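Asks: Based on what follows, work out the 3D shape:
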Amino acid sequence: MHSQEAGTANRSEVPSAPFQDIPPTRGCSPDAVARFSTVVAPYLGDAYALARWLTGSGPDAEDVVQDAILRALRGIDKFANGSARAWLLTIVRNTTYDWLRKNRSRSMVFVDDVEEIESVQHDASDIRTPETALLKNEEVTLVESAILALPLHYRETLVLREVQGLSYRDIAELTGISIGTTMSRLFRARRLVIEQLKNNGASDR
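Replies: Prediction:
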């Protein structure tokens with residue numbers, strides 16, 4: 001059902017990152033800036049997309065990514081040549097949550113993770129996924145609105161999977177939850193998006 005190509009295609013629906021150059025920084029060595037430019041900077045578009053989905057705002061996402069860039073630059077020496085994209089997205093996620101704690105109501109940031117890991121058996125053909133809806137529905141804004149209306153923990157999981165194209169294991173490692181909980185959240189997020197689309201008049205075709 002899921003593919004890297006699908007994730008890449010969906011990514012184009014989100015405006016590109018408004019960062020063409022690394023902002024001027026103090027206290028960062030030329031070597032650190034050079035390594036960041038080569039290894040991490042190519043993923044700034046993904047960083048902005050994730051921040052935008054989590055904050056629900058382009059200008060807020062710009063603030064988050066600017067802060068995340070500085071954090072990444074200062075910590076580039078600790079990057080151990082793994083997945084630069086995953087490393088940057090982890091920094092962006094943590095920076096976003098710090099920003100939300102300072103600028104949004106606590107009720108919008110923290111949710112009780114009281115769900116049990118579900119063992120849901122279902123036929124994938126019966127589930128209309130967000131990427132399928134995106135391809136079939138002419139009103140892309142309805143899909144975006146439905147995703148932005150999700151509780152933050154569901155929205156994050158859905159975006160990391162369907163927009164960023166991360167595997168279940170990568171999402172679990174990035175968010176610090178189990179693979180079972182990741183799958184449970186993703187299943188619920190998809191169902192909520194489908195229900196929202198139906199409520200907004202996006203009919204199955």
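
Asks: switch to C-alpha atoms for all contacts and neighbour counts from now on
Replies: OK.

Asks: any low-confidence regions in this protein?
Replies: Filtered on pLDDT under 70, the chain yields the residue ranges 1-28, 105-140, 201-205.

Asks: what ranges do the helices span in it?
Replies: 4-11, 30-35, 44-55, 58-74, 84-103, 106-109, 130-136, 140-148, 152-158, 168-175, 179-199 (DSSP state H).

Asks: what is the orientation angle of the fourth one with helix 84-103?
Replies: Inter-element angle recorded for helix 58-74 and helix 84-103: 120 degrees (by axes from the mean of the first three to the mean of the last three C-alpha atoms, to 10 degrees).

Asks: pull the CA atoms of helix 58-74 into CSV?
Replies: What follows is helix 58-74, C-alpha atoms only, in CSV (Å, rounded to 0.1, in the frame of the first residue of the first chain):
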residue,chain,number,x,y,z
GLY,A,58,4.0,28.4,7.4
PRO,A,59,5.4,31.3,9.4
ASP,A,60,5.6,29.3,12.6
ALA,A,61,7.3,26.5,10.7
GLU,A,62,9.9,29.0,9.5
ASP,A,63,10.7,30.0,13.1
VAL,A,64,11.0,26.3,14.1
VAL,A,65,13.3,25.4,11.2
GLN,A,66,15.5,28.4,11.8
ASP,A,67,16.0,27.2,15.4
ALA,A,68,16.4,23.6,14.3
ILE,A,69,19.1,24.6,11.8
LEU,A,70,21.0,26.3,14.6
ARG,A,71,20.7,23.3,16.8
ALA,A,72,21.8,21.0,14.0
LEU,A,73,24.8,23.2,13.2
ARG,A,74,25.9,23.2,16.8
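
Asks: That one relative to helix 44-55, how many degrees between them?
Replies: 130 degrees.

Asks: Can you give me the buried ones in helix 58-74?
Replies: Judged by neighbour count using 16 or more other C-alpha atoms under 10 Å, the buried positions of helix 58-74 are 58, 60-62, 64-70, 72-74.

Asks: swap in the longest one?
Replies: With burial defined by 16+ other C-alpha under 10 Å, the residues of helix 179-199 counted as buried are 179-187, 189-194, 196-197.
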